[in-house]
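*Asks:* Dropping a prediction and its sequence here:
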Amino acid sequence: MASQQQDNPADKFDHLPLSTHKPLECALRGTVLLNHPFFNKGSAFTREERRDFKLSGLLPQSIQTLEQQVQRAYQQYSARADDLAKNTFLTSMKEQNEVLYFRLLLDHLEEMFSVVYTPTEGDAIQNFSRLFRRPQGIFLNIHDIDRIHHDLSLWGTEEDIDYIVVTDGEEILGIGDQGCGGVLISIAKLALMTLCAGIHPNRVLPVVLDCGTDNESLLHDPLYLGLKEKRVRGKKYDEMVDTFVKSARELYPKAYLHFEDFGFTNARRLLNKWRPEIPCFNDDVQGTGCVTLAAIFAGLHVSKKKFKDLRLVVFGAGTAGVGIADQVRDAIATDCGISKEDASKQIWLIDKPGLLTNKVENLSDAQKTFARSEDWSGKKTDLMGVVKEVKPNVLIGTSTVPSAFTEEIVREMASHVDRPIILPLSNPTKLHEAVPADLFAWTNGKALVATGSPFKPVKGPWGSDEKEVEMKVAECNNSVVFPGIGLGGVLCRARLVTDKMLVAAVNGVVEHSPALRDDTAPLLPGVDVVREVSVSVARKVIQAAVEEGVATQDGIPGDEQELDEWIAAQMWEPVYRPLKYVEAHTASRQAKGELRVVGSLPERD
Ligand SMILES: NC(=O)c1ccc[n+]([C@@H]2O[C@H](COP(=O)([O-])OP(=O)(O)OC[C@H]3O[C@@H](n4cnc5c(N)ncnc54)[C@H](O)[C@@H]3O)[C@@H](O)[C@H]2O)c1
Ligand SMILES: O=C(O)C[C@H](O)C(=O)O
Ligand SMILES: [Mg+2]
């Protein structure tokens with residue numbers, strides 16, 4: 001036994017706060033246990049567990065393995081008629097057995113990623129009030145601000161939460177205001193935190209701030225589940241967000257706060273407000289900025305260009321577009337040793353009024369830093385006009401305008417540069433500014449493409465001798481990077497998420513870019529290596545946090561390999577751990593912070 005323990009490299013990390021290698025204490029028995037998705041093992045409960053947890057008679061006799069369960073679940077999944085039905089099936093499975101849910105997903109990640117995440121999750125969100133069966137997450141009511149602290153407190157004690165995703169549902173993907181259905185984006189992002197970065201699925205908190213909705217079809221839908229009134233804005237909205245953030249900090253002081261899919265007027269404002277005080281992150285601004293910078297980095301490498309050569313046009317200067325511009329500007333400034341102001345001269349933003357110049361009114365502060373000062377009078381400032389004038393080598397779409405990158409525009413761009421880097425990023429799939437097959441066809445396979453949602457490889461006669469080749473297309477979605485950044489932030493218990501940590505995260509992704517090793521390979525790593533990418537990103541983020549003096553966790557290894565092992569040992573894995581029965585009130589805090597998984601929470605008023 002002793003030697004067996006020594007043989008397991010994870011054992012040396014058993015003492016770590018988030019290590020989950022030991023048996024799991026559980027205070028639930030009988031049908032209550034079978035109905036608890038975190039503890040339930042279904043047909044895989046062992047004979048001893050069936051005896052100790054009063055399950056005999058509640059289960060068929062055959063004791064099966066997780067692998068057998070995955071096989072059965074996959075058959076059931078495959079029998080569902082379409083992706084939305086598959087998504088609904090997976091949601092039910094998550095509510096029944098989390099280990100099986102995550103194991104099934106990890107074993108079929110490439111096939112199922114787009115079903116639990118973008119684009120199918122967008123359909124699930126649009127249909128939230130019709131598909132609803134069982135609540136998941138926390139729904140906070142703008143008319144009950146005084147209850148926010150209480151409602152949040154029901155989720156656990158101060159050791160229990162590592163990661164919170166919050167949305168107000170105003171700008172979900174590119175499908176706009178989805179009201180309280182936005183809770184599903186919080187849930188989906190958290191599922192990815194577990195799948196891609198091993199964040200413990202029972203130590204996360206999905207939240208939607210229900211402030212009403214301006215979506216008329218929801219307001220007129222008799223089945224809509226949220227507040228049926230126009231969005232509350234202004235002072236009361238700010239009071240709600242303030243109360244939420246302060247309560248979350250007080251109740252769960254270790255938790256990292258991830259903002260998702262807030263509207264343009266709030267996303268950046270809230271980030272700027274809270275960033276200097278707490279460990280928080282806006283995925284649409286910063287996550288998108290980081291992953292897109294990594295894609296550009298790989299694209300420049302393939303096209304043998306440097307940051308000094310970069311000419312970037314961003315079409316759609318909203319939350320994501322400006323977030324990308326910020327990240328790219330900072331990278332140019334650092335790489336070329338120039339000021340941010342000078343670096344921004346290599347970037348052109350286009351929105352509804354056309355090119356953003358300092359003559360355009362009502363720009364946000366963040367947009368203003370990119371407003372062009374040169375004289376554009378007499379020149380066309382629409383996308384075609386700007387492409388003709390600027391001759392960009394990188395074109396990004398974050399506009400939600402499908403097919404905005406027309407054949408004419410793309411051919412114009414390709415006539416000036418050898419390898420145009422074109423990233424249509426608007427999700428879900430139907431909103432992409434162009435699709436890879438067209439981009440390759442219009443540029444004779446020269447375009448370096450990555451997309452916001454997944455696309456199948458494209459075949460075409462683009463080999464050097466015009467032989468048919470298959471081009472794989474990278475998914476340039478913030479999902480490549482936010483899990484690793486969050487994992488790093490959680491494990492080192494970062495006080496803040498600094499700019500240097502974000503730059504470090506980009507380097508962590510670039511390390512895995514297939515295009516760096518093979519010019520014909522995708523610009524970004526795919527989901528097949530997602531956990532490895534998360535470890536690299538987390539390592540870089542932790543190292544930067546330590547350097548910056550914002551890491552508060554003791555015992556972070558200085559040695560790189562040991563740091564990777566330390567990270568991996570604290571990543572939750574979907575395996576059945578032996579269950580040990582404990583009375584709720586005597587439960588030891590076995591791995592500090594796992595009390596909540598015992599299945600009983602202290603009462604709070
Ligand atoms: N791939 C990713 O990782 C990723 C990350 C974040 C956002 N996105 C996608 O990017 C899109 C935008 O998201 P957002 O959060 O920035 O939304 P947003 O509403 O803040 O930004 C969209 C911008 O596009 C502009 N726009 C609309 N129509 C236009 C037109 N005809 N011409 C020029 N500009 C126009 C809008 O005025 C707005 O400023 C969404 O589809 C979202 O799913 C993708
Ligand atoms: O959710 C995604 O797929 C990426 C991004 O956060 C978005 O809003 O589109
Ligand atoms: Mg988003």
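*Replies:* Nice, I can see it. Please read these numbers as outputs of a predicted model, since none were measured by experiment. Ligands and ions are numbered 1, 2, ... in the order given.

*Asks:* Residue of the stretch 301-450 of the chain nearest ligand 1, please.
*Replies:* Relative to ligand 1, the nearest point of the stretch 301-450 of the chain is Gly318 (1.8 Å; CB to the nearest ligand atom). Any C-beta I mention is one placed from the backbone N, CA and C, and that applies to glycine too.

*Asks:* Write out the residues of the chain neighbouring ligand 1.
*Replies:* 171, 173-174, 264, 284, 288, 315-321, 350-352, 398-401, 425-427, 431, 452, 476-478 (CB under 6 Å from any ligand atom).

*Asks:* Which members of these additionally contact ligand 3?
*Replies:* With CB under 5 Å from the ion as the criterion, these include Asp284 near ligand 3.

*Asks:* Among the residues of the chain next to ligand 1, which lie within helices?
*Replies:* 264, 288, 319-321 (DSSP state H).

*Asks:* For those residues, work out which two are farthest apart.
*Replies:* Pairwise distances across these (CB to CB) peak at 13.3 Å, for the pair Phe264 and Thr288.

*Asks:* Between the two, which has more neighbouring residues?
*Replies:* Thr288 (27 against 19; other CB atoms under 10 Å).

*Asks:* any idea how far that one lies from Val506?
*Replies:* 12 Å (CB to CB, to the nearest Å).

*Asks:* and if you look at Leu34?
*Replies:* Leu34 is 45 Å from Val506, where distance means CB to CB.

*Asks:* Out of those two, name the residue with the larger neighbour count.
*Replies:* Val506 (24 against 20).

*Asks:* Please work out the average pLDDT along the host helix or strand of that one.
*Replies:* Using DSSP states H and E, Val506 maps to helix 499-510. When pLDDT is averaged along helix 499-510, the result is 97.

*Asks:* Ok, stretch 485-492 next?
*Replies:* Here the average pLDDT along stretch 485-492 is 98.

*Asks:* So what touches that stretch?
*Replies:* By CB atoms under 8 Å, 6 or more residues apart in numbering, the surrounding residues in contact with stretch 485-492 are 18, 162-163, 193, 197-199, 254, 256, 258, 279, 281, 286-287, 290, 494, 497, 501-502, 505, 534-535, 537-542, 545-546, 551-553, 556, 566-567, 570-571.

*Asks:* Tell me, how many residues neighbour the residue lying closest to His143 once chain neighbours are set aside?
*Replies:* Using CB to CB, 6 or more residues apart in numbering and skipping residues adjacent in sequence, the residue nearest His143 is Leu227, 7.4 Å away. Using other CB under 10 Å, Leu227 has 19 neighbouring residues.

*Asks:* what about Leu227, helix or strand, and which?
*Replies:* Using DSSP H and E, no helix or strand contains Leu227.

*Asks:* Tell me the spacing between it and Leu218.
*Replies:* 10 Å.

*Asks:* In this structure Tyr576 contacts Glu98, no?
*Replies:* No: Tyr576 lies out of contact with Glu98 (CB atoms under 8 Å); the separation is 10.8 Å.

*Asks:* At the geometric centre of the chain, which residue do we find?
*Replies:* Ser479 (4.1 Å; CA atoms, centre = their mean).

*Asks:* Isn't that one up against Cys196?
*Replies:* Yes: the pair Ser479 / Cys196 is scored as a contact, 6.8 Å apart, by CB under 8 Å.

*Asks:* Quick one: the helices in the stretch 151-300 of the chain, in order.
*Replies:* Ranges of helices in the stretch 151-300 of the chain, per DSSP state H, counting those that start in this stretch, are 183-197, 216-219, 235-251, 264-274, 288-302.

*Asks:* who's in contact with the last one?
*Replies:* What that stands for is helix 288-302. Against helix 288-302 from outside (CB under 8 Å, 6+ apart): 306-307, 309-310, 312, 320, 323-324, 326-328, 331, 394, 396, 398, 419, 421, 423, 425, 448, 450, 474, 476-481, 485, 502, 505-506, 509-510, 513, 515-516, 519, 523-524.

*Asks:* which of the residues you listed are buried?
*Replies:* Buried subset of the contacts of helix 288-302 (neighbour count, 16 or more other CB atoms under 10 Å): 307, 310, 312, 320, 323-324, 326-328, 331, 394, 396, 398, 419, 421, 423, 425, 448, 450, 474, 476-481, 485, 502, 505-506, 509-510, 513, 515, 523-524.

*Asks:* Any chance of a PyMOL selection covering the buried ones in the residues of the chain next to ligand 1?
*Replies:* Buried residues among the residues of the chain next to ligand 1 (16+ other CB under 10 Å), as a PyMOL selection:
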select buried, resi 171+173+174+264+284+288+315+316+317+318+319+320+321+350+351+398+399+400+401+425+426+427+431+452+476+477+478
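
*Asks:* In strands only, show me the residues of the chain next to ligand 1.
*Replies:* Cross-referencing those against strands under DSSP state E gives 315, 350-351.

*Asks:* From those residues, pick the one nearest Lys580.
*Replies:* Using CB to CB, those come closest to Lys580 at Phe315, 56.6 Å.

*Asks:* quick one: contacts for the closest one?
*Replies:* 321, 350, 383, 395-399, 401, 404-405, 433.

*Asks:* Now compare those residues and name the two farthest from each other.
*Replies:* Gly321 and Phe405 (14.1 Å).

*Asks:* where does the protein have low pLDDT?
*Replies:* The chain contains residues with pLDDT under 70 at 1-11, 14-19, 463-464, 584-605.

*Asks:* one step back: excluding residues flanking it in the chain, which one is nearest the residue nearest to the centre of the chain?
*Replies:* Leu192 (5.5 Å).

*Asks:* Find the closest residue to ligand 2 in the protein.
*Replies:* For the chain, CB to the nearest ligand atom, closest residue to ligand 2: Thr118, 3.3 Å.

*Asks:* And the residue lying closest to Ile350 once chain neighbours are set aside, how far from ligand 3?
*Replies:* Nearest residue to Ile350, sequence neighbours excluded (CB to CB, 6+ apart): Phe315, at 5.0 Å. Using CB to the ion, to the nearest Å, we find Phe315 at a distance of 18 Å from ligand 3.

*Asks:* give me the beta-bridge partners of Phe315?
*Replies:* Ile350, Gly397 (DSSP bridges).

*Asks:* Can you tell me the number of residues neighbouring Arg511?
*Replies:* Careful, residue 511 is Glu; it's not Arg. 16.

*Asks:* Now Leu423: phi and psi?
*Replies:* Main-chain torsions, Leu423, degrees, to the nearest 10: phi -120, psi 90.

*Asks:* Check the gap between the nearest residue to it once chain neighbours are set aside and ligand 3 for me.
*Replies:* Excluding its sequence neighbours, the residue lying closest to Leu423 (CB to CB, 6+ apart) is Ile396, at 4.7 Å. With distances taken as CB to the ion, Ile396 is found 16 Å from ligand 3.

*Asks:* Ile396 touches Ala317, doesn't it?
*Replies:* No: under the criterion of CB under 8 Å, Ile396 is not in contact with Ala317, lying 10.4 Å apart.

*Asks:* domains of this structure?
*Replies:* 2-109+582-598, 120-278, 286-479 (automatic domain parsing).

*Asks:* ok, is the shortest one in contact with ligand 2 or not?
*Replies:* So the one you mean is domain 2-109+582-598. No: using CB under 6 Å from any ligand atom, domain 2-109+582-598 never reaches ligand 2; the gap is at least 13.9 Å.

*Asks:* can you give me how far that domain is from the chain middle?
*Replies:* 24 Å (CA atoms, centre = their mean, to the nearest Å).

*Asks:* repeat for the second one
*Replies:* When distances are taken as CA atoms, centre = their mean, domain 120-278 is centred 14 Å away from the chain's centroid.
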